[in-house]
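model this:
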Amino acid sequence: MKPEPDSKKITESLLKEVEKYTHEGEHGSFILDPVFGLIRNRVHAEVAKTYFRLGYKEKGIQLLQYALSAQGQDGAWDEIHPNYRQKSALVTSFIGDALVTAYPYFPQDIPLENAKKFVLQNEKKPGYFLKSLTYTADHLNVDASCGAFLAEYGNLFSDKNAIEAAKRAARHVCWFQKNGYFPYTTDTGNYPCTYNVPCIHYQGVTLYYLSKIQEIIDEPWLQKSLESGTAWLASVQNKDGTFDWSKSGLMFSYYLTGAYAFAYAVFSIRSKQDEKYRDNAQKCLAVIQNNISSFALRWESASWMSFFIPRFITLKSSLLGEYPLSHRVFRYGYGSYRQIARRRYSEDPLNDIPFQRLTKLLHLSPSVIEASKNFPDLFMTSEILDCLSYSDYRRI
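Numbering: from 1, shown residues only. Okay, here's the model as predicted:
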């Protein structure tokens, strides 16, 4: 009989792997992605928060010193991706969140104030925060993330304007909730269509950041939304802890392992009020543990023996939402690609000519696929570290 997974042991194990790719720079420590060769601001934020929660303050300070050197004069941090680099209110909120977490040991008033100003400048409508110039649609997870930072900033500095902005963000997100789930986007923006579909991964993300807002802004309507959203997330979890991805219609977040970390955090938080969610959280943890190979894998892995059943899962996913036939075919192709990619493993997933040709044939966007094979992913690992450490250390 396998021992129960231990979230704190998983956290410590993943941090040891991260340290292998941590280097000393002129302005502090930075983490170099071994697959893409990138230094990502978001990764620094999430690993730094983990260090502070575990008591490794100096390591957290070193990462944030490097992050501060990358802040723009307008207060922004860039979203750094394998295929683009853009100023981002979303990533600025993540770094801001890390600076709030570090504040008792590493107070940075001016960078935090500038970050707050940049995020508020990107509130284009009440509660709607622009992710970046590349992605202009109203993403509800972005609104919740920006709102969480503003709530934490407002709480730290007694800033009523920041608190009110956080409340607007939460109201806006909750307004679009349908039968428990939050759609990915509420409008088209510069996407070819509106992604008005449920998404298991971003359901967890949105709930996670709404929960942070609720800790500071205790509103009955927000509590009700969190209860409904958590119940929906539990309803799409199988008995073995995996998710039923046929209920998830956003193909580029299909089978991401980070989904289980956000769900673990959400279930852990909700279990304070309802004990039944402890089992859901523990099952998520088991899936995370089964998908760690040095770093966490990019996608939930599977064997080739199980390939035929997922074809029907992907068909059901592709039928979610209201789209023309041509787009449904595209969605099915995208989902089928992911079903193949998550079953193939490589520590060097980018050098794959046959799959590059396949993605071109299927007209799949390289800005979101990133790799042709499943691989140990620093980005997923940093998300998992943030979620596990927030649940297990900050809330003790």
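
please count neighbours and contacts with C-alpha atoms only from this point.
Fine.

the residue nearest to E123 when sequence neighbours are not counted and S372: what is the separation?
Residue nearest to E123 in three dimensions, not counting chain neighbours: F129, with 4.3 Å by C-alpha to C-alpha, 6 or more residues apart in numbering. In this structure, F129 and S372 are separated by 32 Å, where distance is defined by C-alpha to C-alpha, to the nearest Å.

CA atoms of stretch 47-55 as PDB?
As requested, C-alpha coordinates have been extracted for stretch 47-55 and formatted as PDB (Å, rounded to 0.1, in the frame of the first residue of the first chain):
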ATOM      1  CA  VAL A  47       9.300  30.500  -5.800                       C
ATOM      2  CA  ALA A  48      10.100  33.600  -3.600                       C
ATOM      3  CA  LYS A  49       6.800  33.400  -1.900                       C
ATOM      4  CA  THR A  50       7.400  29.700  -1.200                       C
ATOM      5  CA  TYR A  51      10.800  30.500   0.300                       C
ATOM      6  CA  PHE A  52       9.300  33.100   2.700                       C
ATOM      7  CA  ARG A  53       6.500  30.800   3.800                       C
ATOM      8  CA  LEU A  54       9.000  28.000   4.600                       C
ATOM      9  CA  GLY A  55      11.300  30.400   6.400                       C
END
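
and it, how far out from the chain middle?
Using C-alpha atoms, centre = their mean, to the nearest Å, we find the averaged C-alpha position of stretch 47-55 to lie 17 Å away from the chain's own average C-alpha position.

equivalent analysis for stretch 125-142, please.
For stretch 125-142, the distance from its own C-alpha centre to the chain's C-alpha centre is 15 Å (C-alpha atoms, centre = their mean).

tell me where the stretch 201-350 of the chain has helices.
For the stretch 201-350 of the chain, helices defined by DSSP state H, counting those that start in this stretch occupy the ranges 220-235, 258-270, 277-290, 308-318, 325-341.

try the stretch 1-150 of the chain
Using DSSP H, counting those that start in this stretch, the helices assigned to the stretch 1-150 of the chain run over residues 7-19, 41-54, 57-69, 89-102, 109-121, 140-157.

now render these as a markdown table, adding distance to Q273 and mean pLDDT.
Below are those laid out as a markdown table (distance: least, C-alpha to C-alpha, whole Å; pLDDT from 0 to 100):
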| stretch | distance to Q273 | mean pLDDT |
| --- | --- | --- |
| helix 7-19 | 20 | 96 |
| helix 41-54 | 23 | 97 |
| helix 57-69 | 31 | 98 |
| helix 89-102 | 25 | 98 |
| helix 109-121 | 32 | 98 |
| helix 140-157 | 21 | 98 |
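
which one of those helices lies closest to H201?
Each of these was checked against H201 via C-alpha to C-alpha, and the shortest separation belongs to helix 140-157, namely 10.2 Å.

counting by contacts, list what that closest one packs against.
Contacts defined by 3 or more C-alpha pairs under 8 Å, 6 or more residues apart in numbering; DSSP states H and E place helix 140-157 against helix 89-102, helix 109-121, strand 128-129, helix 160-175, helix 200-216.

in stretch 223-241, what's buried?
Of all the residues in stretch 223-241, those buried under the rule 16 or more other C-alpha atoms under 10 Å are 223, 225-234, 236-237, 241.

how about stretch 210-227?
Along stretch 210-227, these residues count as buried under the neighbour rule (16+ other C-alpha under 10 Å): 210-214, 216-217, 222-223, 225-227.

could the residues you listed go into JSON lines alongside distance to Q108 and pLDDT?
Rendered in JSON lines, the data for the buried residues of stretch 210-227 read as follows (distance: C-alpha to C-alpha, whole Å; pLDDT from 0 to 100):
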{"residue": "L210", "distance to Q108": "25", "pLDDT": "98"}
{"residue": "S211", "distance to Q108": "25", "pLDDT": "97"}
{"residue": "K212", "distance to Q108": "21", "pLDDT": "97"}
{"residue": "I213", "distance to Q108": "22", "pLDDT": "98"}
{"residue": "Q214", "distance to Q108": "25", "pLDDT": "97"}
{"residue": "I216", "distance to Q108": "21", "pLDDT": "97"}
{"residue": "I217", "distance to Q108": "24", "pLDDT": "94"}
{"residue": "L222", "distance to Q108": "30", "pLDDT": "98"}
{"residue": "Q223", "distance to Q108": "32", "pLDDT": "97"}
{"residue": "S225", "distance to Q108": "34", "pLDDT": "98"}
{"residue": "L226", "distance to Q108": "32", "pLDDT": "98"}
{"residue": "E227", "distance to Q108": "35", "pLDDT": "97"}
